[in-house]
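Undergrad: fold the following and give me the result.
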Amino acid sequence: QVQLVESGGGLVQAGGSLRLSCAASGSIFSSNTMAWYRQAPGKQRAFVARISSGGGTNYEDSVKGRFTISRDNAKNTVYLQMNSLKPEDTAVYYCNADLITTARVTLSPWGQGTQVTVSS
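TA: Next comes the predicted model:
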């Protein structure tokens, strides 16, 4: 059994910063791609950023230059540093990861989500 637990969301004024964390736990052998998604009210869940096991990154266009994804492989944890936040960044943020269990089974769980609210 593996799970992802996010933390770090909250309320911030426009222009402010937040750092989200997502820790994977359970019978994990290794982790491959880890990613962040977000779901704004009334909208579908959308890709924000991803990072490969080797550190390669991809970002959704609207967050390029403002958000930075990073990871700590020893801790099976992925981070999302969000700077210059805008009201349109308001959403529930979810992490997702491709995890290989100690039984060598690949799972792709989702976290429970953490609310980010940016006030204008």
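Undergrad: does Ala74 count as helix, strand or coil?
TA: Under DSSP: H, G, I helix; E, B strand; the rest coil, Ala74 falls in the helix class.
Undergrad: quick check: pLDDT value at it.
TA: Ala74 carries a pLDDT value of 92.
Undergrad: and the pLDDT at the nearest residue to Asn83 once chain neighbours are set aside?
TA: Distance criterion Cβ to Cβ, 6 or more residues apart in numbering; nearest residue to Asn83, sequence neighbours excluded, is Ser17 at 4.7 Å. Every residue, glycine included, has its C-beta placed from N, CA and C. We have a pLDDT of 98 for Ser17.
Undergrad: tell me the spacing between Ser17 and Glu6.
TA: 17 Å (Cβ to Cβ, to the nearest Å).
Undergrad: pull out the buried residues from stretch 81-96.
TA: Residues of stretch 81-96 classed as buried by neighbour count (16 or more other Cβ atoms under 10 Å): Met82, Leu85, Asp89, Thr90, Ala91, Val92, Tyr93, Tyr94, Cys95, Asn96.
Undergrad: for Gln3, the count of nearby residues, please.
TA: 15 (other Cβ atoms under 10 Å).
Undergrad: surely it and Pro109 touch.
TA: Yes - counting by Cβ atoms under 8 Å, Pro109 is a contact partner of Gln3 at 6.1 Å.
Undergrad: many thanks, we can stop here.
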